[in-house]
Structures are given as C-alpha cells and as structure tokens.
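no FASTA, just this:
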C-alpha cells in the first residue's frame, strides 16, 4: 500500500488547535515549527490550504487576529468554522436559537434573531455549562413540538494548557438522551462541513488531505468525506489513538512540520 503522501495532493486542510497552536502555562502559544510549515505550504505553487476548526470560544475575527499575531499566513476567507455555517442554516430555515455558547463568541450571532427561540444551538460553552443553563436548553427543547438541536462539533475533549477539558460533545449527548432527539452537527466530523471546504477549493476528495490531532473529528471525519486523514502527535493526540477501534489514520507524523516535509518532497 502506498504512503498517504505518494498520491497527488492539491488541497491541504489544517486543524488549528493542536496543530497550529496550543495552550501553554502563560496562554496560547504556537506549536514549534508550525508557522514556518504553513508558509512553506502557501509558497507551493498550485497547492491550496484551508484552516478547519471547531473553535467556538472566540469569534472568527479574534481567531484570525490570534493566528496572524503568531505570524501565520492566513486569511479570514480561508478559515472554516461552525458559527458562520450555523448562522446561515438558521437564516435559511427561519429558526431562532436559544444559545448555549461561550460569551466571547456571542458577537458572531449578533445578526441572528433570538426572540421567542424555536431551536437550541450548543457549542463549547466553557463555564456556561452550568446545570441551570443546561436545564434551560432542555426545557425549551421539551416544550417544542418538533425540537431542533444544533451542536457545533461534537468533540469529547481537547487540550487546554497542560490539561484535557470537556468539549461540547458530552453535553450534546446529555441533551440528546434527555430529550430523545438527535442533534444536527455543524462542523467536524460532519461530512457536509468537509464537503463545503472542498467545494470552496474546487477539488475532489482524492486530491485532499486533512491534518489534525483528533482521531475522530479530524481523521475520521475527513475519511468519511472521502479524503485522507493524517494525525499529528501534538495537541490531544494520545498513544491509544494508534489502536482506535473505529478509525485508523492514513498516516501519523510528529507534527505539522513533518507532514509538510512529506507533502512537499513528494510534489517535487
């Protein structure tokens, strides 16, 4: 079987947290070698790069400012995140959300009608995941004839500083169980999310590779959309991911810099 980088690659999708940046003792830091790795990808003629994240604790503009502050070559139009996507869905379907999200990301919902809610949107709400707030979301869903729950990603956990912390997935599962419903996932690992990125690049799945630290959300999600999924041994990676019961990465690398080495060496 050929290595993942030996087949033509025209599009590279990069996770952000755990691949480009991580939390440190004094705040967010870039992962060693990742800034230069992105520059090398961007400098390669004919190779398209997109940044795919389930980050919902800050706005997309704040995320862009953070990345460019580290020196990453990235444009806002290249960042694909769940909030703009769910806002478009809400508008298209005439839905008014009750938001269970982090305070810092609220500006991205400023143009969304939130009066008399008829659905719930849940994301990584951090400290807003209190019993009171979860119960309000539960009560609204139970009051609706046709309850609709959107979950911005469904990750189990992620790395914050030196610790693992709960993501939105466990809280989404709790509401699903309590209300006997199935959430509509917007973001990784949803196939529609990856398809939207490939459509933006004008590429087919066999031309694309996703590089991420999450074996299910990044690797499994990408593979579900027909592309290759490569896992970095940074961020939330754990050695047990190597023997995951349902997802096997097409390749593993120590970090983004090594992934870029493989991609660019094969192209030349």
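Alright, I've got the coordinates. What you are looking at is a predicted structure, and each value in this text was computed from that prediction instead of being measured.

what are the ranges of the strands in the stretch 1-150 of the chain?
Counting by DSSP state E, counting those that start in this stretch, residue ranges of the strands within the stretch 1-150 of the chain are 11-14, 21-24, 27-30, 48-52, 79-80, 97-100, 119-122, 149-151.

go through those and name the closest to residue 134.
Closest to residue 134 of the strands of the stretch 1-150 of the chain is strand 97-100 (C-beta to C-beta; 7.2 Å). Heads up, the C-betas are built off the backbone N, CA and C, glycines and all.

sheet partners, orientation included, of that closest one?
strand 119-122 (parallel) (DSSP bridges).

show me how far the partner strand is from its chain's centre.
Its chain's average C-alpha position is 18 Å from that of strand 119-122, according to C-alpha atoms, centre = their mean, to the nearest Å.

ok, for residue 16, nearest residue in space, not its chain neighbours?
Nearest residue to residue 16, sequence neighbours excluded (C-beta to C-beta, 6 or more residues apart in numbering): residue 53, at 4.2 Å.

what about stretch 199-214, how long is it end to end?
For stretch 199-214, the first and last residues are 23 Å from each other (C-alpha to C-alpha, to the nearest Å).

unless I'm mixing things up, the residue nearest to residue 16 is touching residue 63, no?
Yes - assessed by C-beta atoms under 8 Å, residue 53 is found in contact with residue 63 at 7.3 Å.

what do those two both touch?
With contacts defined as C-beta atoms under 8 Å, 6 or more residues apart in numbering, the residues shared by residue 53 and residue 63 are 16, 79, 81.

pLDDT wise, what is residue 28 at?
On pLDDT, residue 28 comes in at 85.

again, but for the one 4 residues further on
Residue 32 is assigned 96 on the pLDDT scale.

burial measure for it, as a count.
By the criterion of other C-beta atoms under 10 Å, residue 32 has 13 neighbours.

was I right to think residue 214 contacts residue 232?
No - assessed by C-beta under 8 Å, residue 214 is found out of contact with residue 232, at 9.9 Å.

neighbour count: the two, which is higher?
residue 214 (30 against 27).

run through the residues that contact that one.
15, 18, 155, 158, 188, 231, 235, 236.

return the member of those residues nearest to residue 221.
Residue 221 has its nearest neighbour among the contacts of residue 214 in residue 188, at 4.6 Å by C-beta to C-beta.

separation between residue 89 and residue 82?
Separation of residue 89 from residue 82 (C-beta to C-beta, to the nearest Å) stands at 10 Å.

which residues are common contacts for the two?
residue 186.

neighbour count for these two, which is higher?
residue 82 (28 against 18).

by mean pLDDT, flag the weakest helix or strand of the chain.
In the chain, no helix or strand scores lower on mean pLDDT, DSSP states H and E than strand 21-24, which sits at a mean of 82.

helices or strands next to that one in the packing?
Applying 3 or more C-beta pairs under 8 Å, 6 or more residues apart in numbering; DSSP states H and E, one finds that strand 21-24 contacts strand 27-30, helix 60-70, strand 157-160.

with distance to residue 201 added, can I get these in a markdown table?
Formatted as a markdown table, the helices and strands packed on strand 21-24 follow (distance: least, C-beta to C-beta, whole Å):
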| stretch | distance to residue 201 |
| --- | --- |
| strand 27-30 | 24 |
| helix 60-70 | 18 |
| strand 157-160 | 26 |
